[in-house]
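Visitor: sequence plus the predicted model coming up.
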Amino acid sequence: MLNYYRTDDRKISELSGPDTGCWVKLSEPSREECEIVAKRFEIDIADVRAALDDEESSRLSLEDNYTLILVDIPSMEVRNSRTGYTTIPLGIILKSDCIITVCSEETTVLKSFVEQRVRIFSTKKQMRFTYQILFNVCLYYQSLLRAIDKKRTELEERVNKGMEDSDLLDLHELESDLVYFATSLRANGVVLDRLTRYRRLKRYEEDDELLEDVIIENKQAIEMTSIYRDIINGTRELMTAVMNNRLNNVMELLAAITIVMSIPTIIGGLWGMNVPVPFGHSPMGFLIVCLITLAICLIALLILRKKKML
């Protein structure tokens, strides 16, 4: 989808075509739409479509008449019948008179600008608008990281209520999300560092302060990812310990039952031999043997209970 936007008097409006100071927004674009933008703004078609390749890495590319910025942004996907997160490229192409964004899907990062949920921004100030987009990317990462930690907390609370195998799979998916985020955030950090030395387009003092805020938020997101990965590792170890403990309890119970049940078996085997045995000629012999067996079983149960095996 190809859309043109421009802000006037702090209000964004959609245009019917490109104009000075506009924002060209490509979301899930077709080949024809990419070619239209590439031809209209004299951009290499490969750079326009770079963000559509999921394997494309974050980078900053300086060309003769434009600059390409590629960063990774979060994206929702379904893995193993579960909703998870991965990262996809977002392309930002800076021209002297406009800014172009390219993404393989309609993302919340850009939608918040179209819906004017970002308080103050201007499509005519390309560098500031770029930094605001990157700032929004960092905030989106952080919000998803908090959601991931909330899911982990819910899994941890279920440990004592009856943990299932699916909980371990859910925890694994959360850990996979954090791996994707950590890799992409570090790559984005390299691009942000390069932007501190970027002086091609006009920028203001406020822009430098905003870029510093973006770098700080990106580092905070990296730190959050590292902390949450450590916590998830601890939760995994807790779940494993609980499962092992429950297995040990079951094995102890089965061992105790086996010990108690072996007593009647031994006594029955001894009294079943074809040799003279105690109480063999007594009419109450069978009852006496049963009572002795019961008494020995009760004593064994008491001993096992005292040793906390029952």
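Guide: Structure received. Numbers count the residues shown, from 1 in each chain.
Visitor: helix or strand with the lowest mean pLDDT in this structure?
Guide: Ranked by mean pLDDT, DSSP states H and E, the helix or strand of the chain with the weakest confidence is helix 159-162, at a mean of 72.
Visitor: tell me the buried residues in the helix or strand that comes right after that one?
Guide: Downstream of helix 159-162, the next assigned helix or strand under DSSP states H and E is helix 165-195. Buried residues in helix 165-195, defined by neighbour count with 16 or more other CB atoms under 10 Å: 167, 170-178, 180-182, 184-185, 187-189, 191-192, 195. Every residue, glycine included, has its C-beta placed from N, CA and C.
Visitor: leaving out sequence neighbours, find the closest residue to the residue positioned nearest the centre of the chain.
Guide: Centroid-nearest residue in the chain, with CA atoms, centre = their mean: D177, separated by 2.6 Å. Sequence neighbours aside, Y85 is the residue nearest to D177 in space, at 4.5 Å (criterion: CB to CB, 6 or more residues apart in numbering).
Visitor: elements contacting the helix or strand harbouring that neighbour?
Guide: Using DSSP H and E, Y85 falls within strand 82-94. Packing contacts for strand 82-94, counted by 3 or more CB pairs under 8 Å, 6 or more residues apart in numbering; DSSP states H and E, involve helix 45-48, strand 67-79, strand 98-103, helix 126-157, helix 165-195.
Visitor: tell me the mean pLDDT over the shortest one?
Guide: Right, helix 45-48. Regarding helix 45-48, the rounded mean pLDDT is 91.
Visitor: same deal with stretch 18-36?
Guide: On average, the pLDDT along stretch 18-36 is 90.
Visitor: Three-state assignment for L298, please.
Guide: helix (DSSP: H, G, I helix; E, B strand; the rest coil).
Visitor: typo on my end, it should be T7
Guide: Secondary structure assignment for T7 (three-state DSSP): strand.
Visitor: for it, list each beta-bridge partner.
Guide: Beta-bridge partners recorded for T7 (DSSP bridges): I12.
Visitor: so what's it up against?
Guide: Neighbouring residues of T7 by CB atoms under 8 Å, 6 or more residues apart in numbering: 13, 121-124.
Visitor: now list the buried members of these.
Guide: Among the contacts of T7, those classed as buried by 16+ other CB under 10 Å are 121-124.
Visitor: wait, which of those is closest to E154?
Guide: Nearest to E154 among those is F121, at 35.7 Å by CB to CB.
Visitor: what values do phi and psi take at that closest one?
Guide: When read as degrees, to the nearest 10, the backbone of F121 gives phi -160, psi 160.
Visitor: that one: what's its closest spatial neighbour, skipping adjacent residues?
Guide: Nearest non-adjacent residue to F121, counting by CB to CB, 6+ apart: Q132, 5.1 Å away.
Visitor: what sits against the one you found?
Guide: So Q132 contacts 113, 118, 121, 210 (CB under 8 Å, 6+ apart).
Visitor: go on, L90?
Guide: 51, 70-73, 101-103, 107, 109-110, 133, 137.
Visitor: how deep is the nearest residue to it once chain neighbours are set aside tucked in, by neighbour count?
Guide: Once flanking residues are discounted, L90 sits nearest to I73: 4.7 Å by CB to CB, 6+ apart. Using other CB atoms under 10 Å, I73 has 24 neighbouring residues.
Visitor: now D149
Guide: The tally of other residues near D149 (other CB under 10 Å) stands at 17.
Visitor: now do the SS call for N3.
Guide: strand.
Visitor: retrieve the pLDDT associated with S282.
Guide: At S282, the predicted lDDT confidence score is 78.
Visitor: next, it: secondary structure please.
Guide: Under three-state DSSP, the three-state class of S282 is coil.
Visitor: pretty sure it sits against I288.
Guide: Yes: with contact defined as CB atoms under 8 Å, S282 and I288 form a contacting pair (6.9 Å).
Visitor: hang on, the earlier thing: I'd like the average pLDDT over the strand holding Y85.
Guide: The average pLDDT within strand 82-94 is 90.
Visitor: need the CA coordinates for it. CSV is fine.
Guide: Extracted in CSV, the C-alpha atoms of strand 82-94 (Å, rounded to 0.1, in the frame of the first residue of the first chain):
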residue,chain,number,x,y,z
ARG,A,82,1.5,-20.0,19.8
THR,A,83,1.6,-16.2,19.4
GLY,A,84,5.2,-15.0,19.6
TYR,A,85,7.4,-12.1,18.4
THR,A,86,10.1,-11.8,15.8
THR,A,87,11.7,-8.8,14.2
ILE,A,88,11.5,-7.5,10.6
PRO,A,89,13.3,-4.6,8.8
LEU,A,90,12.0,-1.1,8.6
GLY,A,91,13.5,1.0,5.9
ILE,A,92,13.8,4.8,6.2
ILE,A,93,15.0,6.6,3.1
LEU,A,94,15.9,10.3,3.6
